[in-house]
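*Asks:* whatever this is, show me its structure:
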Amino acid sequence: MQINVETELEKQYVRAATNGDRQAFAELVKMHESMLTAFALYRLPYPDEAAEAVQDTFVRAYEQIAELRPESDFGTWIRSICRFMILTRVKKYTRQKAKHDNYKEQLAVLAVRHIAESAAFRDSDADLLAHLNSCRETLSDTNQSLINDRYEASLSIQQISEKTGRTETWVTSTLHRVRSALRTCIEKKTKEPSDEK
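*Replies:* Numbers count the residues shown, from 1 in each chain. Coordinates of the predicted model:
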């Protein structure tokens, strides 16, 4: 029967590390770092995120090494910690992306308001509303419905997606295009009176 030298060596390092041997833990890190890096890179969008997840994994493993039973498979144990660290980062990334998307959307809304308040636009609020309504009428029924759902009914992107049967990406990108079209249309209409003079 052939003994796997690397496996036996790993078991020795695990036993020593669980007893507080820092050098043994450092050896375990060397043995598993490249595997964990590949594992994280496959699951995270950016190499820096993967590197940080691996770093966090080894920190957490070091903190919990005394809880590991010496007969346990270290590779399986360390991967489960890494999986948790990756999931934590993915959740954080998803929350940040949602905030960023919401921020971009709010900027677009502010941009339309800015047109109304800019020096180029001298008409009254009533005229602005008339321009906006006129521009909305040029939109397709689908796009008008999207604008109504988002800004009058205050539905979230997810709610609109569920209501329309479209993906959230489609809803977001279509709203972006519609807002841009409305902004361009309003700008044109604000310039028409001055062009006629």
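
*Asks:* downstream of the lowest-mean-pLDDT helix or strand in the chain, the next helix or strand is which one?
*Replies:* One helix or strand of the chain scores below all others by mean pLDDT, DSSP states H and E: helix 125-137, with a mean of 71. Downstream of helix 125-137, the next assigned helix or strand under DSSP states H and E is helix 141-147.

*Asks:* what's in contact with that following helix?
*Replies:* 136-137, 139, 160, 164, 171, 174-175, 178, 182 (CB atoms under 8 Å, 6 or more residues apart in numbering). Yep, even glycine has a C-beta here, placed from its N, CA and C like the rest.

*Asks:* rerun at 6 Å
*Replies:* Residues outside helix 141-147 that contact it (CB atoms under 6 Å, 6 or more residues apart in numbering) are 175, 178.

*Asks:* list the buried residues of that helix.
*Replies:* Neighbour-count burial for helix 141-147, counted by 16 or more other CB atoms under 10 Å, picks out 143, 146-147.

*Asks:* nearest to Trp77 among the residues you listed?
*Replies:* Lowest distance from Trp77 to the buried residues of helix 141-147 (CB to CB) belongs to Leu146, with 48.9 Å.

*Asks:* check the closest one and give its pLDDT.
*Replies:* On pLDDT, Leu146 comes in at 85.

*Asks:* from Glu137, how far off is it?
*Replies:* From Leu146 across to Glu137, the span is 15 Å (CB to CB, to the nearest Å).

*Asks:* and Ser34, by the same measure?
*Replies:* Plainly put, Ser34 is 61 Å away from Glu137 if you go by CB to CB.

*Asks:* for Val29, same thing?
*Replies:* 65 Å.

*Asks:* quick one: low-confidence ranges for the chain?
*Replies:* Filtered on pLDDT under 70, the chain yields the residue ranges 1-6, 97-129, 192-197.

*Asks:* ok, which stretches of it are strands?
*Replies:* Counting by DSSP state E, no segments of the chain form strands.

*Asks:* may I have stretch 41-54 exported as PDB, CA atoms only?
*Replies:* Listed in PDB are the C-alpha atoms of stretch 41-54, where the atom choice follows Å, rounded to 0.1, in the frame of the first residue of the first chain:
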ATOM      1  CA  LEU A  41     -11.300  33.700  -9.100                       C
ATOM      2  CA  TYR A  42     -13.900  31.400 -10.700                       C
ATOM      3  CA  ARG A  43     -16.600  32.800  -8.400                       C
ATOM      4  CA  LEU A  44     -15.800  36.500  -8.100                       C
ATOM      5  CA  PRO A  45     -15.900  39.200 -10.700                       C
ATOM      6  CA  TYR A  46     -12.500  40.800 -10.000                       C
ATOM      7  CA  PRO A  47      -9.100  39.400  -9.200                       C
ATOM      8  CA  ASP A  48      -8.700  41.900  -6.300                       C
ATOM      9  CA  GLU A  49     -11.900  40.600  -4.700                       C
ATOM     10  CA  ALA A  50     -10.700  37.000  -5.100                       C
ATOM     11  CA  ALA A  51      -7.400  37.800  -3.500                       C
ATOM     12  CA  GLU A  52      -9.100  39.500  -0.500                       C
ATOM     13  CA  ALA A  53     -11.500  36.600  -0.100                       C
ATOM     14  CA  VAL A  54      -8.600  34.200   0.100                       C
END
